[in-house]
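Q: kindly generate the corresponding structure for this input.
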Amino acid sequence: MDKLPIGDGCDGVAFDTKNRTIFTSNGQSGTISVIKETAADKYVVVGNYSTKKGARTITIDENTGVVYLPTADFDTGNTQSGRPKMIPGSFQVLVVKKQ
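A: Numbers count the residues shown, from 1 in each chain. Take a look at the predicted model:
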């Protein structure tokens, strides 16, 4: 089994069946990793792209291939259970699509 380099704090994975592409949400590093299936059991990392720290959950619209990552702004000076506290009213959804 191969190991591929992705960002830190991976919390979610989405798979685009049409394009045979895997997306990982890496909330700790604030990145999304894109991995392409090139053949059966053969994968290559397309890239690791900046999103936003805390964007850990991920989903994909299977019809369009658009990826969604909900997140918020966080108070890094105020932690709760070892995690920064979310700033009220700062919820947002990051939208990632191929250009």
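Q: ranges for the strands of the protein?
A: 10-16, 21-26, 31-39, 42-50, 59-60, 67-71, 74-80, 83-86, 92-96 (DSSP state E).
Q: how about the third one: buried residues?
A: Think strand 31-39. Judged by neighbour count (16 or more other CB atoms under 10 Å), strand 31-39 contains these buried residues: 31-35, 37. C-betas here are computed from N, CA, C, even on glycine.
Q: equivalent analysis for the fourth one, please.
A: Of the residues in strand 42-50, those buried by neighbour count under the rule 16+ other CB under 10 Å are N48.
Q: check which helices and strands that strand sits against.
A: Applying 3 or more CB pairs under 8 Å, 6 or more residues apart in numbering; DSSP states H and E, one finds that strand 42-50 contacts strand 21-26, strand 31-39.
Q: as JSON lines, those with distance to T64 would be great.
A: Conversion of the helices and strands packed on strand 42-50 to JSON lines gives the following (distance: least, CB to CB, whole Å):
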{"stretch": "strand 21-26", "distance to T64": "13"}
{"stretch": "strand 31-39", "distance to T64": "16"}
